[in-house]
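1. take a look and give me a structure for this.
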Amino acid sequence: MEILRFGPDDADRLASYVDVVNAVRAADSPWQHPATLVGAEGRFRHGWDGEVETPFLGLVDGDAVAVGTLATSDYDNLHLAWLGVQVRPERRRRGYASELLEALVTETRSRGRTSIGLDGWDADGPRAFAARHGLEERSRSINRRQHLADVDWTVLEMLHTDATCAASAYEVVRRAGPTPDDELAAVAEMSAAINDAPTDDLDIEDEVYSPERVRAYETAQLAWGYRLNRVLARHRETGELAGHSVVVVEGDRPEVGHQHDTSVVAGHRGHRLGLLLKTEMNLWLRDEQPQLVSIDTWNAESNDHMIGVNEALGYRVMGRQLEFQKSI
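-> The predicted structure is shown next:
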């Protein structure tokens, strides 16, 4: 197999990448929204927060049979590279995944990283592949989806009212688009609360948040063509930002939304702010973006509190993903 690195300006290879990914999704996780050229180009040009993954294509006799990705960060976790390996269903069990993984590990070592992570759906194939290559299961995360047509809005509004009463010491702020410059430092400090979310047995460090990283995240999401929606809770007496929830809506598929961070600062917990933020976001999106059909979210399976909030809002399990890791 010939393994090629490519970039967002290579239209043919980008199209081949999308084709392989969609063949894999159709077989392994048919509930997932199909990958798009717009999404792939944004992913490899802008990344989550300006740090882009490196994509690879595996060719056999000129045909794309496998794709890979390698992601590292210079903000934190300087020991770690997170890898992706996918092979067309009809071309599996021929050693292509192992060959691609070996190439990605070689690239990881060249970057000075000493640990790799890899994820896969909870199925025999990914488990066996990970075990064969010495990767141990370290965490489980759940993909849930909220179908807005199925939401009981009477119940949601009642939950919002109850949470508003419990959080009367806080005001809620809706913000579309980027954070004002004078609030970047406060938003960065608040965003670090996400580090309290469970990471189970993964060998990962807390993520480092800075004003520059918050701005890079917002810039990258907007450059993808996403609509950026943030709801914040602000303590009335002190003015402190106590928590936030962020949902992005795809530009080329405005019916599709993605839940990003929802977090509450430790000193402000116990006031039902998580529920307040999530219900406020739902009500805002219902009124301002009525074309939205669904919102996907991810949580560690052990994150009982946020799972409880999501299930109260009608989120339902779509699939379980396993995270594997090993030292190299």
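
2. give me the buried positions along the longest helix anywhere in the chain.
-> Criterion DSSP state H: the longest helix present in the chain is helix 11-28. By neighbour count on 16 or more other C-beta atoms under 10 Å, the buried set for helix 11-28 is 13-14, 16-18, 20-21, 23-25, 28. C-beta coordinates here come from the backbone N, C-alpha and C atoms, glycine included.

3. of these, which is the nearest to residue 290?
-> Nearest to residue 290 among the buried residues of helix 11-28, counting by C-beta to C-beta, is residue 25 at 27.5 Å.

4. quick one: the closest one and residue 32 touch, right?
-> Yes - Residue 25 is in contact with residue 32 according to C-beta atoms under 8 Å; the separation is 4.7 Å.

5. list residues touching both of these two?
-> Taking C-beta atoms under 8 Å, 6 or more residues apart in numbering as the criterion, residue 25 and residue 32 do not both touch any residue.

6. check what pLDDT residue 284 gets.
-> At residue 284, the pLDDT value in this model is 98.

7. now do the contacts for it.
-> 174, 229, 231 are the contacts of residue 284 under C-beta under 8 Å, 6+ apart.

8. buried sites along stretch 142-150?
-> For stretch 142-150, burial by neighbour count (16+ other C-beta under 10 Å) applies to 142-146, 148.

9. please apply the same query to stretch 179-194.
-> In terms of neighbour count (16+ other C-beta under 10 Å), stretch 179-194 has its buried residues at 179, 183-184, 186-191, 193-194.

10. domain ranges for this structure?
-> Under the assignment automatic domain parsing, the domains of the chain span 2-113, 148-318.

11. quick one: end-to-end distance for the longest one.
-> End-to-end span of domain 148-318 (C-alpha to C-alpha, to the nearest Å): 15 Å.

12. now swap in the shortest one and tell me
-> Terminal residues of domain 2-113 lie 24 Å apart, using C-alpha to C-alpha.

13. what residues are up against residue 201?
-> So residue 201 contacts 138-139 (C-beta under 8 Å, 6+ apart).

14. assign it to helix, strand or coil.
-> Secondary structure state of residue 201, per DSSP: H, G, I helix; E, B strand; the rest coil, is coil.

15. run through the bridge partners of residue 60.
-> Here residue 60 shows beta-bridge partners residue 63, assigned using DSSP bridges.

16. that one: what's it in contact with?
-> By C-beta under 8 Å, 6+ apart, the contact set of residue 60 is 1-2, 91, 96.

17. who wins for most neighbours among those residues?
-> In terms of neighbour count, residue 96 stands highest of these at 20 neighbours, by other C-beta atoms under 10 Å.

18. any idea how far it lies from residue 60?
-> For residue 96, the distance to residue 60 equals 7 Å [C-beta to C-beta, to the nearest Å].

19. so what sits against both of these two?
-> Common neighbours of residue 96 and residue 60, counting by C-beta under 8 Å, 6+ apart, are residue 1.

20. where does this protein have low pLDDT?
-> Along the chain, segments meeting pLDDT under 70 are nowhere present.

21. tell me where it has helices.
-> So, for the chain - with DSSP H - the helices run 11-28, 37-45, 96-110, 124-132, 153-166, 184-191, 211-223, 273-288, 304-312.

22. make a markdown table from those and add distance to residue 252 to it.
-> Formatted as a markdown table, those follow (distance: least, C-beta to C-beta, whole Å):
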| stretch | distance to residue 252 |
| --- | --- |
| helix 11-28 | 13 |
| helix 37-45 | 5 |
| helix 96-110 | 29 |
| helix 124-132 | 30 |
| helix 153-166 | 27 |
| helix 184-191 | 27 |
| helix 211-223 | 13 |
| helix 273-288 | 18 |
| helix 304-312 | 26 |
